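A.B. asks: kindly return the folded structure for what I paste below:
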Amino acid sequence: EGTLFVAAWLVGWTVAGVVAIYTWLWGAIGREVVLLGSDALSLKREIGKFGRVHEYALGEIKRLRIDRPSRSIWDCGGSAQFWGLSGGAIAFDYGAKTFHFGAGADEAEALQIVSDLRTRHSFGDRAA
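C.D. replies: Take a look at the predicted model:
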């Protein structure tokens, strides 16, 4: 019993440590890169040279808009948004889902980003 408890305790603290280090690294050197190509919108969240790219076909993106989701630390779904690790002020519909980006952007910056993107593509409609 004691060995199982110690193992679970160590695993829990190790996971918490990894999350804390990731959060610190994101705050120190993390960035979000938005690329608008001829046929896709690419969103990349990277820390240094490491990151994942998500690509969305331009023809499938609808309702590019400003949409500030809940930022309460007490909302379990919004806790990563509270720390700037996910979500964002800019949203679009893609199929049956809504995606957010621009986690570090305030409302004025988000409006400028949406305006710049819309000058290059219509995104299904002009709703803000």
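
A.B. asks: alpha carbons only for contacts and neighbour counts from here, please
C.D. replies: OK.

A.B. asks: and the lengthiest helix in the chain, how far out from the chain middle?
C.D. replies: The helix that spans the most residues within the chain, counting by DSSP state H, is helix 2-29. Remark: helix 2-29 is offset 22 Å from the chain centroid, using CA atoms, centre = their mean, to the nearest Å.

A.B. asks: also stretch 26-33?
C.D. replies: Counting by CA atoms, centre = their mean, stretch 26-33 comes out at 11 Å from the chain centroid.

A.B. asks: check which residues of the longest helix of the chain are buried.
C.D. replies: Neighbour-count burial for helix 2-29 flags 23, 26 (criterion: 16 or more other CA atoms under 10 Å).

A.B. asks: what's the average pLDDT for it?
C.D. replies: Across helix 2-29, the average pLDDT comes to 93.

A.B. asks: next SSE after it?
C.D. replies: Next helix or strand after helix 2-29 toward the C-terminus (DSSP states H and E): strand 30-36.

A.B. asks: what pairs with the helix or strand that that following strand is followed by, parallel or antiparallel?
C.D. replies: Later in the chain than strand 30-36, the nearest helix or strand by DSSP H and E is strand 40-47. As defined by DSSP bridges, the strand partners of strand 40-47 come to strand 30-36 (antiparallel), strand 50-57 (antiparallel).
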